[in-house]
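>>> build me a model:
(one chain, ligands or ions: 2)
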Amino acid sequence: MKLLDKLNCSDKLTPLFSKLGIETNWDLLLHLPLRYEDLTKLYPIVDAKAGQTVLLQGSIIGCEVVYKKRKQLIVRIDDGSSILSLIFFHFYPSYATQYKVGKEIRVFGEVGVDYFGNKTMFHPKIQTVKDEKAEGLAKTFTPIYPITNKLTNGDVIKLVDTVLEHCEIEDYLPHSIIKNHEQLSLPQALLTLHKLTPKQYESDYHLKALERLKFDELIAQQLLMHNIYLNKHKNKASIITPTHKYIIELLKKLPFSLTNSQNKVIKEILQDMAKPTQMNRLLQGDVGSGKTIVATICALAAIENGFQAVIMAPTEILAEQHYLKTRDLLSDTDINIVWLSGSLTAKQKAASIELCQTTGQIIIGTHAVFQDKVEFNNLGLIIIDEQHKFGVEQRLLLVNKGVKDGEVYPHQLMMSATPIPRSLALSYYADLDVSTINELPPNRSPIQTLLIKNSRRKEIINFVKEHASLGHQIYWVCPLIEESEKLELENAKKVYEELSEMLSPIKVGLVHGKMKAKEKAEVMADFQANWTQVLVATTVIEVGVDVPNACIMVIEHSERMGLAQLHQLRGRVGRGSIASQCVLLYDEYALGEISKKRLKAITGSTDGFEIARQDLLIRGPGELLGQRQSGLPSLKFANLEEDLDMLHTAKNVAAELIENHHKSADEIIKLWFHEKQYLGA
Ligand code: ADP
Ligand code: MG
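Ligands and ions are numbered 1, 2, ... in the order given. All right, here's what the predicted structure looks like:
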């Protein structure tokens with residue numbers, strides 16, 4: 001019998017196991033016990049720890065029905081070492097007479113601790129001890145498996161036993177690796193987990209065995225990513241090498257020179273585009289590090305080679321800003337720039353779509369650029385701004401529109417200001433190469449971040465007034481209050497009215513997500529031109545917006561916002577040479593542990609990478625990356641929050657396997673991901 005053979009069990013059981021996702025012997029062996037029931041050892045109550053499921057024994061010292069929130073029966077037992085309360089929410093009246101004071105009973109269940117520090121057990125299994133000496137302990141130590149309706153624990157145990165007995169389990173990892181990393185062998189680990197002995201249980205040996213599975217799972221994932229990576233680079237693409245027809249002119253025209261970091265990433269990207277295989281590159285750089293100009297230069301390289309480039313951004317405001325800025329920058333060239341967004345009238349849209357298919361050169365827009373009707377003439381480069389706002393599928397839709405002759409792909413450049421710590425980016429973005437801008441343009445004034453209680457809101461309004469009178473510009477952000485956009489909107493409108501009145505004659509603008517694109521654009525243009533000094537906004541301005549004269553940002557209810565979001569928002573100020581401030585208003589009564597940590601992190605640093613690291617600590621990478629983003633199968637045993645160190649080890653081991661042990665590598669991938677859907681993805 002082989003590990004990947006179909007389960008050999010009765011026709012009745014097969015569908016029941018199938019329901020649990022168990023089809024093969026290997027699946028079954030990875031179906032681990034939730035816990036173990038140890039009836040071989042009697043613990044003194046005093047030694048039983050909260051969370052442990054144990055057997056205890058004592059004589060009843062009290063039994064009463066009490067009415068707390070719910071009616072409940074409490075039976076207390078004492079074994080001389082300590083006292084334990086047994087709690088029943090469901091009980092028959094006869095229970096109260098059955099559990100007489102003085103009676104000796106044995107109970108089995110999970111130990112808990114109540115509000116007062118007393119030990120408790122809810123609905124334990126109970127056995128009366130008639131004659132203590134005569135009654136030996138049961139010899140059973142039982143793994144308890146996750147089961148479904150009709151499948152019993154016994155069914156699972158029986159089948160596991162058969163598989164363990166008859167299946168050839170060989171270790172696919174080379175002995176040297178197992179030894180170097182002090183892991184158990186695979187057969188030993190599986191045997192331990194399913195056939196744990198009480199003695200092993202006591203010394204937590206099953207955790208050691210579990211570690212081996214986590215280790216392998218992470219290695220398998222690394223190997224899989226390597227495969228995906230190789231595959232990605234198999235896609236053909238057009239060679240793009242700049243002729244500098246436009247780029248040199250643009251560089252001359254810029255009012256600044258590029259930072260070393262910008263030059264470095266441009267070089268990396270252009271080198272990649274000069275290859276006959278598809279580029280898949282993530283450009284990360286903190287908010288304000290100047291990714292846009294890098295993107296523009298790469299787009300020009302594509303155009304110099306006769307290709308089209310498309311730039312897609314997640315919000316109308318951001319996309320339009322890109323469009324206007326690009327049009328401005330390239331105003332003295334003959335480049336045909338196309339604007340394509342959902343807000344265009346049907347007629348305008350049709351005209352833009354027509355240009356995509358014909359003479360358009362740089363196409364800039366929102367999600368509209370990958371809608372059904374759009375086709376491209378000769379797409380060479382796709383640029384996706386704030387890529388974390390798009391799903392993998394959306395990315396693919398756009399890419400597929402650019403495939404020529406069924407095999408030549410457009411190059412892809414994705415940009416993100418939500419930096420993922422480098423180690424994680426490298427281990428987690430399977431299909432991406434990463435370029436990082438790690439410095440800000442010079443002469444940026446640092447942003448000072450202030451945490452202010454809500455009760456001092458009036459003072460902050462005065463502070464805003466003072467600055468607005470000096471000609472400075474201010475963002476006032478009202479985030480999501482409830483899980484409802486409507487309320488967010490109402491609140492923003494209220495704040496807008498309040499500020500308009502209190503700050504008069506200073507001009508206040510309002511922008512929110514429910515406005516028509518045209519209205520939004522007008523409000524933004526007014527602010528950009530400094531016709532309005534204060535802009536009340538919902539979180540629509542979170543990404544990308546660039547108004548260098550804005551130097552103050554007030555964020556209401558900052559305690560409700562995520563770290564990355566706060567950092568993004570704050571990045572809207574500090575873009576010019578005026579000293580900038582970010583005021584975080586918070587509701588002290590709504591401040592939980594996590595929000596405290598977040599606010600501490602955001603005031604403690606302005607470095608996006610440091611903030612991402614903190615975010616990782618507070619939220620964990622699962623949320624940071626999300627399965628949707630990584631595009632990988634989720635982990636069953638390993639947990640990136642707790643096993644981050646192991647991830648790094650696994651990465652090295654995977655590299656070693658690829659280098660020296662092909663067979664092992666193949667075997668591991670086959671076993672862990674036999675659902676071929678991920679292979680060759
Ligand atoms: P982000 O990386 O957040 O997208 P942007 O590309 O919007 O940042 O750039 C932020 C601001 O910095 C813009 O106003 C841009 O013109 C300016 N900028 C970009 N590169 C430089 C540079 N090398 N020196 C000075 N200013 C720069
Ligand atoms: Mg940007």
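
>>> report pLDDT for Arg76.
On pLDDT, Arg76 comes in at 95.

>>> tell me how many other residues crowd it.
20 (other CB atoms under 10 Å). Where you see a C-beta, it was placed from the backbone N, CA and C, and this is true even at glycine.

>>> alpha carbons of the helix or strand in which it is found, as PDB, please.
Here Arg76, judged by DSSP states H and E, is contained in strand 71-78. The C-alpha trace of strand 71-78 is given here as PDB (Å, rounded to 0.1, in the frame of the first residue of the first chain):
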ATOM      1  CA  LYS A  71     -29.800  27.900  36.200                       C
ATOM      2  CA  GLN A  72     -26.900  25.500  36.900                       C
ATOM      3  CA  LEU A  73     -25.900  22.600  39.100                       C
ATOM      4  CA  ILE A  74     -22.600  23.000  40.900                       C
ATOM      5  CA  VAL A  75     -20.900  19.900  42.500                       C
ATOM      6  CA  ARG A  76     -17.700  20.500  44.400                       C
ATOM      7  CA  ILE A  77     -15.200  17.800  45.100                       C
ATOM      8  CA  ASP A  78     -12.100  17.800  47.200                       C
END
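
>>> OK, contacts around the closest residue to ligand 1 within the stretch 551-681 of the chain?
Proximity of the stretch 551-681 of the chain to ligand 1 (CB to the nearest ligand atom) peaks at Arg575, 5.3 Å away. Arg575 sits next to 288, 444, 546-548, 550 when contact means CB atoms under 8 Å, 6 or more residues apart in numbering.

>>> pull out the buried residues from those.
Among these, the ones that count as buried by 16 or more other CB atoms under 10 Å are 288, 547, 550.

>>> follow-up on the earlier one: and the residue of the stretch 551-681 of the chain closest to ligand 1, backbone torsions?
phi -100, psi -10 (degrees, to the nearest 10).

>>> per-residue pLDDT, it?
pLDDT at Arg575 comes out at 79.

>>> equivalent analysis for Val129, please.
Looking at Val129, the pLDDT reads 79.

>>> is ligand 1 within reach of stretch 525-539?
No. Applying CB under 6 Å from any ligand atom, one finds stretch 525-539 separated from ligand 1 by no less than 11.4 Å.

>>> between its first and last residues, how far does that stretch reach?
Distance between the two ends of stretch 525-539: 18 Å, counting by CA to CA, to the nearest Å.

>>> so which bits of that stretch are buried?
So, applying 16+ other CB under 10 Å, buried residues of stretch 525-539: 527-528, 532-539.

>>> what are the boundaries of the strands in the stretch 301-450 of the chain?
For the stretch 301-450 of the chain, applying DSSP state E, counting those that start in this stretch gives strands covering 308-312, 337-340, 362-365, 379-384, 408-409, 411-416, 433-437, 447-453.

>>> what about the third one, average pLDDT?
If you average the pLDDT over strand 362-365, you get 97.

>>> show me what it is packed against.
If you count contacts as 3 or more CB pairs under 8 Å, 6 or more residues apart in numbering; DSSP states H and E, strand 362-365 packs onto strand 308-312, helix 316-329, strand 337-340, helix 346-357.

>>> touching that strand from outside, list them.
Strand 362-365 is contacted from outside by 299, 303, 308-313, 319, 322-323, 326, 330, 335-341, 352, 355-356, 369, 376, using CB under 8 Å, 6+ apart.

>>> any idea how far it is from the chain center?
Strand 362-365 has its C-alpha centroid displaced from the chain centroid by 29 Å (CA atoms, centre = their mean, to the nearest Å).

>>> near ligand 1, from the buried ones among the contacts of Arg575?
Filtering the buried ones among the contacts of Arg575 for proximity to ligand 1 by CB under 6 Å from any ligand atom leaves Gly288.

>>> count the residues that sit near the residue of the stretch 351-500 of the chain at minimum distance from ligand 1.
Closest approach between the stretch 351-500 of the chain and ligand 1, counting by CB to the nearest ligand atom: Pro441, at 3.1 Å. A count of nearby residues for Pro441, using other CB under 10 Å, gives 17.

>>> what does Leu207 give?
10.

>>> which phi and psi values does it adopt?
As for Leu207, its main-chain torsions (degrees, to the nearest 10) stand at phi -70, psi -40.

>>> ok so, going back, just the buried residues of the contacts of strand 362-365.
299, 303, 308-313, 319, 322-323, 326, 330, 335, 337-341, 352, 355-356, 369, 376.

>>> residues from the chain in reach of ligand 1?
So far as CB under 6 Å from any ligand atom goes, the chain lies against ligand 1 at 256, 258-259, 262, 285, 287-293, 417, 441, 544, 546, 548, 575.

>>> nearest residue to Met121 other than its sequence neighbours?
Spatial nearest neighbour of Met121, chain neighbours left out: Gly109 (4.3 Å); criterion: CB to CB, 6 or more residues apart in numbering.

>>> what's the distance between the one you found and ligand 1?
Using CB to the nearest ligand atom, to the nearest Å, Gly109 is found at 56 Å from ligand 1.

>>> over to Ile77?
Counting by CB to the nearest ligand atom, the gap from Ile77 to ligand 1 is 65 Å.

>>> settle this for me: that residue is touching Ala48, isn't it.
No. Counting by CB atoms under 8 Å, Ile77 does not reach Ala48; the two are 11.9 Å apart.

>>> and the two? which has more neighbours close in?
Neighbour totals were compared for Ile77 and Ala48, and Ile77 leads with 27 against 21 (other CB under 10 Å).

>>> enumerate every residue touching the more buried one.
45, 56-61, 83-84, 86, 105, 107.

>>> now do whatever residue of the stretch 501-650 of the chain ends up closest to ligand 1, the pLDDT please.
Nearest to ligand 1, among the residues of the stretch 501-650 of the chain, is Asp546, at 4.5 Å (CB to the nearest ligand atom). At Asp546, the model reports a pLDDT of 81.

>>> over to Ser94?
84.

>>> now it: how far from ligand 1?
With CB to the nearest ligand atom as the criterion, Ser94 and ligand 1 are 72 Å apart.

>>> quick one: which helix or strand includes that residue?
helix 93-98.

>>> ok, which stretches of the stretch 501-650 of the chain are helices?
Ranges of helices in the stretch 501-650 of the chain, per DSSP state H, counting those that start in this stretch, are 517-528, 563-570, 593-604, 608-619, 621-630, 644-660.

>>> and for the stretch 151-300 of the chain?
With DSSP H, counting those that start in this stretch as the criterion, the stretch 151-300 of the chain has helices spanning 153-166, 175-180, 186-194, 198-202, 205-232, 247-253, 260-273, 291-304.
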